[in-house]
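> next one to model:
(2 chains)
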Protein chains: 2
Amino acid sequence: MPVRYSGLPDLSPVKGVRLAACAAGVRYRDRNDLVLMELAPGSQCAAVFTRNAFCAAPVVVAREHLAQATPRYLLVNSGNANAGTGAGGLADARACCSALAERARCEAAQVLPFSTGVIGERLPVERIEAALDTALATLSADGWSDAAHAIMTTDTVAKGVSSTLEIGGRTVTLTGMSKGSGMIRPDMATMLAYVATDADVEPGALRDCLRWAVEASFNRITVDGDTSTNDACVLVATGASGAPRLDASHPDYAAFRQAVTDVCTRLAQLIVRDGEGATKFVSVRVEGGRDSAECLQVAYTVAHSPLVKTALFASDPNWGRILAAVGRAGLAKLDIEGVGLWLGDVCIVRDGGVAPEYREADGQRVMDRDEILIRVSLARGDASETVWTTDLSHDYVSINADYRS
Amino acid sequence: MPVRYSGLPDLSPVKGVRLAACAAGVRYRDRNDLVLMELAPGSQCAAVFTRNAFCAAPVVVAREHLAQATPRYLLVNSGNANAGTGAGGLADARACCSALAERARCEAAQVLPFSTGVIGERLPVERIEAALDTALATLSADGWSDAAHAIMTTDTVAKGVSSTLEIGGRTVTLTGMSKGSGMIRPDMATMLAYVATDADVEPGALRDCLRWAVEASFNRITVDGDTSTNDACVLVATGASGAPRLDASHPDYAAFRQAVTDVCTRLAQLIVRDGEGATKFVSVRVEGGRDSAECLQVAYTVAHSPLVKTALFASDPNWGRILAAVGRAGLAKLDIEGVGLWLGDVCIVRDGGVAPEYREADGQRVMDRDEILIRVSLARGDASETVWTTDLSHDYVSINADYRS
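So this is what the prediction gives:
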């Protein structure tokens, strides 16, 4: 079970968005593995994708289509990533879009394809095509929960969040879902995440809003340091709420952007809580850096250290491993005399040495928890950053050693 | 058991070097944990140390002493790293050197201290001092094997190598030992390694020789990406063989440097073979890069990927994970159409796509072995690099989750 997961909440419908989930038999039997999202005409759509050079075929096609037309449909399959599949894979992704466009009477470029699952196997295009009529016939505004389940791969739970805010006196809804639990260290956006709102947002402001939100959420989580070939995060604004149109100069824009950021942060943290084999939810906060980049450099070095992660799994306050990770993070001219280290509220290292009042029992108390804050102070500037990660457990090894078998 | 370890060979005495190993009770009971190496007067000594900003107290002191005097003694303890111990730890390391110097009638600066083991605990100086008389009384030219055992921590086997070469018609001996199996991704030198020769080498040439050898050996291995606080590699030349003195212009210098490099490479590979939880010995070779740096960047990204490492543990030819690691290694303008991938002699990816003749059974045959070559071709230059690493197994997690308990 994920770390402190309280179940999938009721996901609010978003005016202008309908979803369907059905079983196409892409890889799994007896479960839904295909999701169709329909966006009302006039909806705006922004997206960010993986920076992995070996990005998957659907990422290439989705980028192309997004540049050509305004999306009407998002088509997502789980079980097969359609990555490492070369020209054939591109043709497969395009064939799926065309098949849907024909049935839905739109342009193929108005369909964005997404895939997640095993790399290096061809997509079963015919089985996906055969499921499209059912998908179109069962579209529903209440489809979020089923969709959140259907996009899962090694996820153990479905991930979704809803919230509302007021814009110009009208209530606007935000609902999002995400999936992913391994191959997670997004450089751009994690695995797959979809956030929709019935707010009306000017396209440039929507893109700005997504970039801002992703940077503060999906780009701050790491399970294993591996950036997927298929990462994508999509933000849809249908405008169907009747609330006034937002652009970057609108007085409510900042609040809207924060609401999107909050939804993305909760979705991103859900991915970490459901990280492969995770038994701990760990925040690594680095303060007092010269700039954001060096804070992240230290935070990721700590968050990726297998020795730190196994100590977290063992609930072992083995702070020497954290210090060693800080020390090898490659910061120029780090004055170790200024470095401080806390586990939760317990100060372990101050001025580069063990705090005189530190007792192992105090560190143990923090490590015994399932939510742990590691705080490092560099004392050489005003920047700070936080990343969220997991421990490294036997289950992580089992899940990834057995995934294809 | 380490991957293809054939036992500790007979380690040849090196004229001018005597060793003793004894039980000081630093941390372990009923085993040797203290090693003393005595170098004959006139011996030359070169050393490289960890680049970790939080380097251990003995590293600080050894660097100081090396700058002040010509070493006569190396004093090594296992069980306690004397790292993260602040000013007290520095005093402890100095106290050990002084205690030995007094008994051996030399300057304290002629003693180099080394420690390996748990971080963050004070060194039991009195117990080490109490063992020094025994150590001095039992020094022997045949002490290499006992010393190689006494410096072990989480190592499962002792690591040593001997070889000979002819210089000016005289036979010169090289013998080395190393320890380490976790927290291994040397930035400078791994854990602890000591190589001694009775060749006579001019000090500048000896330093050049060590830098060259370490760069090609200890700086090409990684178990878990963690650089230790205590890494050190020492090269001693006693000159006692009677062979002519080598400097960089001597016709035999290149052969000598290569012999040192070969000894270091075998010692480094022994560390990988004994890597924590290792079931595979993996060479990651990256060819066709623009320069050495980008080849290493790709090689280390592959070698550190938990997904690649768990696939290796499972003997799963899940090449998509290797490709994904290559893709996220951060190479500017990587043309994926040019990338090739081989497991052993089996070509899996050519021109950026799956090779038409590839059959999973062929990849499986390679992955079933315990020595595996992953070869990546970038097709954009003439540089190539190889790093050696391990898989990520359940035992890795167990060892590091249980280390202190």
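> in the stretch 201-350 of chain A, where is pLDDT below threshold?
A:223-228 (pLDDT under 70).
> for it, what spans make up the strands?
With strands called from DSSP state E, counting those that start in this stretch, the stretch 201-350 of chain A shows them at A:221-222, A:232-237, A:281-289, A:340-343, A:346-350.
> same thing with the stretch 1-150 of chain A?
Using DSSP E, counting those that start in this stretch, the strands of the stretch 1-150 of chain A run over residues A:17-22, A:34-39, A:44-49, A:73-80, A:111-118.
> quick one: the fourth one to strand A:232-237, angle?
For the pair strand A:73-80 and strand A:232-237, the angle between their directions (axes from the mean of the first three to the mean of the last three Cα atoms, to 10 degrees) equals 150 degrees.
> can strand A:73-80 be said to contact chain B?
No: remark: strand A:73-80 sits outside contact range of chain B, by Cβ under 8 Å from any Cβ of the partner chain, the gap being at least 11.0 Å. Quick note: C-beta positions are derived from backbone N, CA and C, even for glycine.
> could you give the mean pLDDT of that strand?
For strand A:73-80, mean pLDDT is 94.
> buried sites along that strand?
Using 16 or more other Cβ atoms under 10 Å in any protein chain shown as the test for burial, strand A:73-80 gives A:73-80.
> how about the last one?
The neighbour-count criterion (16+ other Cβ under 10 Å) identifies A:111-118 as the buried residues of strand A:111-118.
> quick revisit: between the buried residues of strand A:73-80, which is nearest chain B?
A:Asn80 (11.0 Å; Cβ to the nearest Cβ).
> in the stretch 251-400 of chain A, what residue lies closest to chain B?
Minimum separation of the stretch 251-400 of chain A from chain B (Cβ to the nearest Cβ) falls at A:Gly320, amounting to 2.6 Å.
> okay, the residue nearest to that residue when sequence neighbours are not counted: pLDDT?
Spatially, and ignoring its direct neighbours in sequence, A:Gly320 is nearest to B:Ile119 (2.6 Å; Cβ to Cβ, 6 or more residues apart in numbering or on different chains). Listed pLDDT for B:Ile119 reads 80.
> can you check A:Met188 too?
For A:Met188, the pLDDT comes out at 30.
> which parts of chain A are helices?
Ranges of helices within chain A are A:57-68, A:86-104, A:125-137, A:144-150, A:203-216, A:253-273, A:292-304, A:306-313, A:319-327, A:360-367, A:394-402, based on DSSP state H.
> mind checking which of the ones you listed is nearest B:Leu39?
Taking Cβ to Cβ as the criterion, helix A:319-327 is the member of the helices of chain A that comes nearest to B:Leu39, at 30.0 Å.
> how far is the closest one from where the chain is centred?
28 Å (Cα atoms, centre = their mean, to the nearest Å).
> which residues does it contact?
For helix A:319-327, contacts defined as Cβ atoms under 8 Å, 6 or more residues apart in numbering or on different chains pick out A:298, A:301-302, A:305, A:307-308, A:311, A:334, A:336, A:339, A:341, A:343, A:348-349, A:363, A:374, A:376, B:52-55, B:81, B:83-84, B:118-120, B:183, B:226-229.
> now do that helix against helix A:292-304, angle only.
With the same axes, to 10 degrees as the basis, helix A:319-327 and helix A:292-304 are set at 140 degrees to each other.
> count the residues that sit near the closest residue to A:Arg170 other than its chain neighbours.
Take A:Arg170 and drop its neighbours on the chain: the residue closest to it by Cβ to Cβ, 6+ apart is A:Ala243, 3.8 Å away. Neighbour count of A:Ala243, defined by other Cβ atoms under 10 Å in any protein chain shown: 22.
> just the one 10 residues further on next, same as before
Other residues near A:Tyr253 number 18, with proximity taken as other Cβ under 10 Å.
> who are the neighbours in contact with it?
With Cβ under 8 Å, 6+ apart, A:Tyr253 has these contacts: A:205, A:209, A:246-247.
> and if you look at A:Gly117?
A:26-27, A:77-81, A:153.
> what is it paired to in the beta sheet?
Applying DSSP bridges to A:Gly117 gives these bridge partners: A:Gly79.
> ok, it to chain B distance?
Distance of A:Gly117 to chain B, given as Cβ to the nearest Cβ, to the nearest Å: 10 Å.
> quick check: the gap between that residue and A:Leu34.
Relative to A:Leu34, A:Gly117 is positioned 12 Å away (Cβ to Cβ, to the nearest Å).
> ok so, going back, separation between the residue of the stretch 251-400 of chain A closest to chain B and A:Gly363?
The gap separating A:Gly320 from A:Gly363 is 11 Å, by Cβ to Cβ.
> now swap in A:Ala314 and tell me
Look at A:Ala314 and A:Gly363: by Cβ to Cβ, they are 13 Å apart.
> same check, this time on A:Thr197
Taking Cβ to Cβ as the measure, A:Thr197 falls 43 Å from A:Gly363.
> same question, A:Cys106
As judged by Cβ to Cβ, A:Cys106 and A:Gly363 stand 59 Å apart.
> check what pLDDT the residue lying farthest from the centre of chain A gets.
Distance from the C-alpha centroid of chain A peaks at A:Pro356, with 40.7 Å (Cα atoms, centre = their mean). pLDDT recorded at A:Pro356 is 90.
> so what's A:Trp388 bridging to?
A:Ile221, A:Ser283.
> ok, it - how many residues close by?
Other residues lying near A:Trp388 total 23 when counted by other Cβ under 10 Å.
> is it true that it touches A:Val282?
Yes: contact criterion Cβ atoms under 8 Å: A:Trp388 and A:Val282 qualify, at 6.9 Å.
> now do the contacts for A:Pro244.
Taking Cβ under 8 Å, 6+ apart, we find A:Pro244 in contact with A:167-168, A:170, A:200, A:250.
> just give the nearest non-adjacent residue to A:Ala193, would you?
Distance criterion Cβ to Cβ, 6+ apart; nearest residue to A:Ala193, sequence neighbours excluded, is A:Ser178 at 3.9 Å.
> what number of residues lie near the residue nearest to A:Gly320?
Other residues near B:Ile119 number 25, with proximity taken as other Cβ under 10 Å.
> separation between it and B:Ala56?
Distance of B:Ile119 to B:Ala56, computed by Cβ to Cβ: 8 Å.
> ok so, going back, now for the buried residues of strand A:111-118: which two are most distant?
Pairwise distances across the buried residues of strand A:111-118 (Cβ to Cβ) peak at 22.7 Å, for the pair A:Val111 and A:Val118.
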